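Chemist: sequence and predicted structure below; questions after.
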Amino acid sequence: MPTSIHETAIVSSEAKIGEDCRIGPFCTVGAEVVLGDGVKLDSHVVVDGKTSVGDETHVFPFASIGLAPQDLKYAGEPTATEIGRGNQIREFVTIHRGTEGGGGLTRIGDRNLLMAQAHVAHDCQIGSDVIMANAATLAGHVEIADRANIGAYSGVHQFCRVGVEAFIGGYSVVVKDAPPYAIIQGNHAKCYGLNKVGLKRRGYSRGTIEKLHHAYHLLLTAKLNTSQAVERIKEEIRDCPEVDELVRFIETSKRGVVK
């Protein structure tokens with residue numbers, strides 16, 4: 001189907017627009033923007049800067065994508081925003097492009113849901129199948145792994161990481177790395193152990209869940225410091241990729257992990 005551009009939309013002649021796109025009333029699309037096939041911008045959406053938006057992504061009214069970061073060090077250098085396929089970006093979401101000092105790229109993967117008023121700051125790296133609930137906020141340089149869930153009105157401190165399948169409860173303040181497969185909640189956030197319900201819903205096997213539960217017991221309740229817990233996990237739990245991912249996450253942390 002042909003692309004449809006509303007008569008009130010302002011679309012640069014230099015922008016690259018795919019097939020079957022829908023650009024609604026009062027949208028603004030800048031010269032360096034690339035929209036994939038089937039992208040839908042409802043109305044009053046601004047997409048600017050060097051920004052690419054993947055196929056079948058739906059952007060709801062009043063969202064702002066690819067504008068300059070809220071970083072006083074940013075001096076207008078050319079940086080970019082990259083958004084994958086099949087995302088839902090809801091009302092008033094803001095996604096800012098990268099900075100030279102942070103790698104120059106804000107990247108969002110595929111099939112994510114960013115609920116109303118969520119904010120993704122400069123140089124963030126978000127995986128796929130992530131949910132950011134209403135007004136969830138990522139400071140600069142945050143990394144969110146696949147299938148993580150960031151609760152409403154939560155804030156993640158700059159340079160923090162959120163592990164795969166992590167569940168951050170609403171109104172939390174995360175100032176260290178949030179480990180994978182866990183429930184993290186509070187201000188400042190604490191780790192409340194394995195997200196068993198979430199893992200069951202995702203189809204993880206009983207054996208994997210039991211091994212992860214044992215790993216979190218060693219990490220949180222066995223009266224061991226983090227280094228001791230990691231060594232015990234390595235000794236006692238083998239042949240489990242998910243536990244290996246937990247160990248890798250802890251060992252590569254620069255800010256320390258939420259406990």
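Modeler: Sure, I can see it.
Chemist: secondary structure class for Glu210?
Modeler: The three-state label given to Glu210 by DSSP: H, G, I helix; E, B strand; the rest coil is helix.
Chemist: that one and Lys200, how far apart?
Modeler: Distance of Glu210 to Lys200, given as CB to CB, to the nearest Å: 12 Å. For the C-beta atoms, the positions are set from N, CA and C on the backbone; glycine is no exception.
Chemist: again, but for Gly109
Modeler: Separation of Gly109 from Lys200 (CB to CB) stands at 24 Å.
Chemist: what of Leu67?
Modeler: 41 Å.
Chemist: looking only at neighbour counts, state which of the two leads.
Modeler: Between Leu67 and Lys200, counting by other CB atoms under 10 Å, Leu67 is the more crowded of the two (17 against 12).
Chemist: tell me what the more buried one is bridged to.
Modeler: Under DSSP bridges, the beta-bridge partners of Leu67 are His96.
Chemist: for it, give me its contacts.
Modeler: Listed by CB atoms under 8 Å, 6 or more residues apart in numbering, the contact partners of Leu67 are Val46, Asp48, Gly49, Thr94, His96, Arg97.
Chemist: pLDDT wise, what is it at?
Modeler: Leu67 carries a pLDDT score of 98 in this model.
Chemist: and Gly30, by the same measure?
Modeler: Gly30 carries a pLDDT score of 98 in this model.
Chemist: that one reaches Thr51, doesn't it?
Modeler: Yes. Taking contacts as CB atoms under 8 Å, Gly30 lies within contact range of Thr51: 7.4 Å.
Chemist: who has more neighbours, those two?
Modeler: Thr51 (23 against 19).
Chemist: what sits closest to the more buried one if chain neighbours are left out?
Modeler: Leaving aside its sequence neighbours, Thr51 sits nearest to Gly66 (CB to CB, 6 or more residues apart in numbering; 3.4 Å).
Chemist: the helices in the stretch 51-200 of the chain, which residues?
Modeler: All helices of the stretch 51-200 of the chain, identified by DSSP state H, counting those that start in this stretch, fall at 196-201.
Chemist: what's in contact with the least confident helix or strand in the chain by mean pLDDT?
Modeler: Lowest mean confidence among the helices and strands of the chain (mean pLDDT, DSSP states H and E): helix 196-201, at a mean of 95. Helix 196-201 has contacts (CB under 8 Å, 6+ apart) with Asn149, Glu165, Phe167, Tyr181, Thr208, Ile209, Leu212, His213.
Chemist: okay if I get those as CSV plus distance to Gln117, pLDDT and neighbour count?
Modeler: Output for those, formatted as CSV (distance: CB to CB, whole Å; pLDDT from 0 to 100; neighbours: other CB atoms under 10 Å):
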residue, distance to Gln117, pLDDT, neighbour count
Asn149, 17, 98, 22
Glu165, 24, 98, 24
Phe167, 20, 98, 22
Tyr181, 28, 98, 29
Thr208, 35, 98, 16
Ile209, 34, 98, 17
Leu212, 33, 98, 26
His213, 35, 98, 14
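Chemist: got a markdown table for those, with distance to Lys234 too?
Modeler: Below are those laid out as a markdown table (distance: CB to CB, whole Å):
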| residue | distance to Lys234 |
| --- | --- |
| Asn149 | 28 |
| Glu165 | 21 |
| Phe167 | 25 |
| Tyr181 | 17 |
| Thr208 | 17 |
| Ile209 | 19 |
| Leu212 | 14 |
| His213 | 17 |
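Chemist: the nearest residue to Ala121 once chain neighbours are set aside and Gln158, how far apart?
Modeler: With sequence-adjacent residues excluded and distances taken as CB to CB, 6+ apart, Ala121 is closest to Gly140, at 4.5 Å. Separation of Gly140 from Gln158 (CB to CB) stands at 5 Å.
Chemist: more neighbours: which of these two?
Modeler: Set side by side, Gly140 and Gln158 show more neighbours around Gly140, with 21 against 17, by other CB under 10 Å.
Chemist: what separation do you get for the more buried one and Ser128?
Modeler: 21 Å.
Chemist: same question for Lys196.
Modeler: Taking CB to CB, one finds Lys196 at 23 Å from Ser128.
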